[in-house]
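Asker: here is a sequence with its predicted model. Questions after.
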Amino acid sequence: MSLLSKLLSGKKPSVSDVLDLFQGKEEKPAEAQNVRPAAQPYRPEPAYEAQGEPTPLGRSWGELMPDEPNQFNYPGTYREYFEDIFRNDFADCTFVFEQNPRSSRIQKYAFYRDMRKVLVVELVGQGCDAYEVRRLCAKEGTPYLRFYHDHEGWWNARSYVVARMRKAMGD
């Protein structure tokens, strides 16, 4: 069936039918005239729901966000999240922030206890391949940790971050 015959309710169009159609004189079925479709209530699209098993407490990666504080449910930036952990869970340490001059995707924190460096933590963007600080820490014998802040499915849950840092510090 051609488009014109569909527009003309299935009959084979003549030249006069086509002219009438383009001039707006075509016949419309009686039941279709003055009938408006019922208004549909607004239904927002359902929110994305990740599929899979919940991420167990104490583990920082998985398909679903763990039911504990993590960088993605924190009401601030990832840096504010980590600095909150540093201040509150490691109050016995002083930490110093340094921006990496070679990459804006790396933030470095050095932790001191009694004037002695006890840990270096880097917050790194996914795909970053800078390892200069890691090598320097290995030379110095200073514990080193790296947390990726933008890797999908890596939540950096508070319990996970604290446990890794305590273990690295020997606490």
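Answerer: Yes, it's here. Numbers count the residues shown, from 1 in each chain.

Asker: residue 111 and residue 134, how far apart?
Answerer: From residue 111 across to residue 134, the span is 16 Å (C-beta to C-beta, to the nearest Å). From N, CA and C alone the C-beta is placed, and that goes for glycine too.

Asker: which of these two has more neighbours?
Answerer: The residue with more neighbours, out of residue 111 and residue 134 and counting by other C-beta atoms under 10 Å, is residue 111; that gives 23 against 14.

Asker: can you pull the contacts of that one?
Answerer: Under the criterion of C-beta atoms under 8 Å, 6 or more residues apart in numbering, the contact list for residue 111 reads 86, 90, 93-95, 117-121, 169.

Asker: which of these fall within strands?
Answerer: By the criterion of DSSP state E, membership of these in strands covers 94-95, 117-121.

Asker: hey, where'd the strands end up in the protein?
Answerer: For the chain, applying DSSP E gives strands covering 94-99, 106-113, 116-124, 144-148.

Asker: ranking those strands by burial, who's on top?
Answerer: Compared across the strands of the chain, strand 116-124 shows the largest average neighbour count, a mean of 20 (mean count of other C-beta atoms under 10 Å).

Asker: what segments of the protein are helices?
Answerer: Assigned helices in the chain, in chain order: 3-7, 15-23, 78-89, 132-140, 158-169 (criterion: DSSP state H).
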